[in-house]
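Visitor: could you look at this predicted model? Sequence included:
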Amino acid sequence: MDGSRREFLQGSGVLAGASALRFGIPGLAALSQAACSARDVGAAFETLSAGEARELDAIAARILPATDTPGAHDAGVIWFIDKSLGGFLAPQKDFLLGGLADFQAPVAAAFPGATQFSDLDEADQDRHLRTQDTTPFFGFVRFMTLAGMFGMASYGGNRDGAGWQLLGVDPHQHAFLPPFGHYDAAVASGDNHGG
């Protein structure tokens, strides 16, 4: 994949934001919580087969690969995808699995000795992704990878705040703080009337 990780993330922000609004942030949060629980106890996948999960995990791992920081695989994005397909994205499951079959179809001819994407080394995976990166299937997996990677860490996918650390966001600063005004100064000085 060409370009730096930061450029990729900046370019993905618009797509991810628009898609998140369309799918609904509360739905993503609820599914992420369930995904986090399943991932942490090592439960079997609920919606995907082990083989489907392996392939989607391999794709997500190349969309956001591990470098000197964790990538999508390390952050447990596949658990988020699995739960999403069993929940509010259940109507999209056939689209995703059909897209996965179409995505896999040219692998054997293009890379002798391989039958599926996960059989390829990283360089060949990237070569194959370049032939698929404009398909609706890839766009969907890319969105789900971003949603699972950069959602709230306490809800799943974003294991140990890996996505937020990647963006340079302090995971402990996600709380509302009122704007500072004269009333804050009054409270700080002990004058509870805010006079």
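Guide: Done, it's in.
Visitor: just give the number of residues close to residue 91.
Guide: Neighbours of residue 91 under the rule other Cβ atoms under 10 Å: 8. The way it works is simple: take the backbone N, C-alpha and C, and place the C-beta from them, glycine included.
Visitor: report the separation between it and residue 71.
Guide: From residue 91 across to residue 71, the span is 29 Å (Cβ to Cβ, to the nearest Å).
Visitor: likewise residue 149?
Guide: Taking Cβ to Cβ, one finds residue 149 at 8 Å from residue 71.
Visitor: residue contacts, residue 135?
Guide: Neighbouring residues of residue 135 by Cβ atoms under 8 Å, 6 or more residues apart in numbering: 99, 102, 103.
Visitor: can you add neighbour count, secondary structure and distance to residue 79 and give these back as a markdown table?
Guide: Shown next, in a markdown table, are the contacts of residue 135 (neighbours: other Cβ atoms under 10 Å; DSSP: H, G, I helix; E, B strand; the rest coil; distance: Cβ to Cβ, whole Å):
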| residue | neighbour count | secondary structure | distance to residue 79 |
| --- | --- | --- | --- |
| 99 | 19 | helix | 20 |
| 102 | 13 | helix | 24 |
| 103 | 23 | helix | 21 |
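Visitor: which regions of this protein sit below the pLDDT cut-off?
Guide: 1-43, 151-195 (pLDDT under 70).
Visitor: again, only using 90
Guide: Counting by pLDDT under 90, the ranges of the chain that qualify are 1-46, 67-72, 74-77, 79-80, 83-84, 86-89, 146-195.
Visitor: so for residue 149 and residue 71, which residue has more residues nearby?
Guide: residue 149 (28 against 21).
Visitor: what about the more buried one, is that helix, strand or coil?
Guide: Assigned with DSSP: H, G, I helix; E, B strand; the rest coil, residue 149 falls in the helix class.
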